[in-house]
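Asker: Could you look at this predicted model? Sequence included:
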Amino acid sequence: MTREDGEAIAPDAFCIRPAEERDRAAIENIAQSAYAVYLERMDIKPFPMIDDYGVHIRNGNILVLEAAGRVEGYVVLLPRDKDTLLLDNIAVRPGSRGTGYGRALAGCAEEKARSLGCRRIQLYTNEVMTENLAWYPRLGYTESHGCVEKGYRRVYFVKTLL
């Protein structure tokens, strides 16, 4: 496997760790590039493109996946209530799609939820993000409802943890 810059990637040679301020530019770059594909489908910018990652880093709510010394993806996790962790955003550098990094980040979110005593993970995506609408059920998520929030047409999913 290779990254977009041609550097070889060993799929098992990565770590997932809490994000630090030094990761902010990489996280923001991944958000911009990963969500750019949706600009033509939406009438407003996808929220991850305008989110404040500095706040997430300071609050300890974001994990990054690092491989070969470079941040390749991230996940933002927000406590919802004592039983639910919100997987607010997950993204992988477009050149690293297909490496299993997204699945690894999703699995890490589940581990984090369990460690906090949560019984479920909730997430949402936009109704035009058809790739996500197909991907989350493959990870065991079930669609729960749709709604309009902050101008976004969101589809919510939930996964009960064992």
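Answerer: Yep, it's here.

Asker: When you work out contacts or count neighbours from here on, use the C-alpha atoms and nothing else.
Answerer: Fine.

Asker: who touches stretch 20-37?
Answerer: 46, 48-49, 53-54, 57-58, 71-74, 91-94 (CA atoms under 8 Å, 6 or more residues apart in numbering).

Asker: Listing request: residues of the chain with sub-threshold pLDDT.
Answerer: 1-12 (pLDDT under 70).

Asker: Please repeat the previous calculation with a cut-off of 50.
Answerer: The chain contains residues with pLDDT under 50 at 1-3, 8-9.

Asker: hey, where'd the strands end up in it?
Answerer: 14-18, 62-67, 70-81, 84-92, 120-126, 142-149, 152-160 (DSSP state E).

Asker: Of these, which is nearest Tyr38?
Answerer: Closest to Tyr38 of those, according to CA to CA: strand 120-126, at 9.5 Å.

Asker: What helices and strands are in contact with that closest one?
Answerer: strand 84-92, helix 101-115, strand 152-160 (3 or more CA pairs under 8 Å, 6 or more residues apart in numbering; DSSP states H and E).

Asker: That one: how far from the chain's middle?
Answerer: Relative to its chain's centre, strand 120-126 lies at 10 Å (CA atoms, centre = their mean, to the nearest Å).

Asker: With stretch 31-41 instead?
Answerer: So, by CA atoms, centre = their mean, the centroid of stretch 31-41 is 14 Å from its chain's centroid.

Asker: And stretch 98-117, by the same measure?
Answerer: For stretch 98-117, the distance to the chain centre is 10 Å (CA atoms, centre = their mean).

Asker: Can you give the distance from stretch 70-86 to the centre of its chain?
Answerer: The answer for stretch 70-86 is 8 Å, by CA atoms, centre = their mean.

Asker: picking up where we left off before, could I get the helices and strands packed on strand 120-126 as CSV with distance to Ile62?
Answerer: CSV is the format used below for the helices and strands packed on strand 120-126 (distance: least, CA to CA, whole Å):
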stretch, distance to Ile62
strand 84-92, 9
helix 101-115, 10
strand 152-160, 20
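
Asker: Go through those and pick out the most buried.
Answerer: strand 84-92 (a mean of 22; mean count of other CA atoms under 10 Å).

Asker: Number of residues surrounding Trp135?
Answerer: 12 (other CA atoms under 10 Å).

Asker: Identify the residues contacting it.
Answerer: Going by CA under 8 Å, 6+ apart, the list of residues near Trp135 is empty.

Asker: ok, it to Phe157 distance?
Answerer: Distance, Trp135 to Phe157, by CA to CA, to the nearest Å: 11 Å.
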